[in-house]
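**Student:** With the input below, show me the fold.
(3 chains)
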Amino acid sequence: MMATVPAHWLLKSEPDVFGYADLVRVGTEPWNGVRNYLARNHLRAMKVGDRALFYHSNAKPTGIAGVAKIVRAAYTDDLQFDSESVYHDSRSDPQEPRWSMVDVAPLLAFPEVLTLAQVRELPEWESSPLTQKGTRLSVFPVTPLQFRAALKAAGVKLARK
DNA sequence: GCCAACGTTGGC
DNA sequence: GCCAACGTTGGC
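**Tutor:** The predicted structure is shown next:
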């Protein structure tokens, strides 16, 4: 089978809850708790080897903290069936679960958070759910140009695979 | 803490 | 099927 080019994504997380440093600490993390259909569809489109910019929302400062990689493709987010969980969804059918998650692992930490203000200055990012007013989507695709521009602005390079 | 913008819910 | 009300997100 021909290898496909890894796609690029952005994942938002509140660092008070789970930040890039936490991902580094735990090694691998199931990206659970996504309860938005568009975001879920993006999760389901992810493939092992894809890269994701790890964005800190509701933070000081807000911005991209590093790069993660997808290490497991979408599977059932079990929290939807956990009645104790805040992510419980009583209307999800176990035969056809509504919500999915992927596993992510750290790939490269930015030396400093690339702030939202800095991202806004990059022309490549002019049209993105990140910079468009009022968009709250927490998982969305990033173009190769946006990905490259973000890494360049952060002053980092990814080793070639 | 404020508030704009959005998605979801539920009454009709 | 419409749409008002509500809850949530997330920047500031």
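**Student:** what secondary structure does A:Tyr55 sit in?
**Tutor:** strand (DSSP: H, G, I helix; E, B strand; the rest coil).
**Student:** Over to A:Ala21?
**Tutor:** helix.
**Student:** How about the strand or helix carrying A:Ala52 and DNA strand B, any contact?
**Tutor:** Assessed by DSSP states H and E, A:Ala52 sits inside strand A:51-56. No - contact of strand A:51-56 with DNA strand B (CB under 7 Å from any atom of the strand) is absent, the minimum separation being 14.3 Å. Placement of C-beta: from N, CA and C, glycine included.
**Student:** Off-centre distance for the helix or strand following that strand?
**Tutor:** Per DSSP H and E, the first helix or strand lying C-terminal to strand A:51-56 is strand A:63-76. Put simply, strand A:63-76 sits 5 Å off its chain's centre (CA atoms, centre = their mean, to the nearest Å).
**Student:** Only C-alpha atoms, please: export strand A:63-76 in CSV.
**Tutor:** C-alpha atoms of strand A:63-76 as CSV (Å, rounded to 0.1, in the frame of the first residue of the first chain):
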residue,chain,number,x,y,z
GLY,A,63,-1.4,29.9,21.6
ILE,A,64,0.3,26.9,20.1
ALA,A,65,2.5,25.0,22.6
GLY,A,66,3.8,22.2,20.5
VAL,A,67,3.2,19.5,17.9
ALA,A,68,1.6,16.2,18.7
LYS,A,69,1.2,13.1,16.5
ILE,A,70,-1.7,10.9,16.1
VAL,A,71,-0.8,7.4,17.3
ARG,A,72,-4.1,5.7,17.2
ALA,A,73,-7.0,6.4,14.7
ALA,A,74,-10.5,7.0,15.9
TYR,A,75,-12.2,4.6,18.3
THR,A,76,-15.1,4.8,20.7
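**Student:** how much space between A:Pro61 and A:Glu124?
**Tutor:** Per CB to CB, to the nearest Å, A:Pro61 is found 20 Å from A:Glu124.
**Student:** residues from chain A in reach of DNA strand C?
**Tutor:** So chain A meets DNA strand C at A:12, A:14, A:57-59, A:62, A:116-117, A:136-138 (CB under 7 Å from any atom of the strand).
**Student:** of those residues, list those near DNA strand B.
**Tutor:** A:Arg136.
**Student:** ok, the residues of chain A next to DNA strand C vs DNA strand B, which is closest?
**Tutor:** A:Arg136 (5.8 Å; CB to the nearest atom of the strand).
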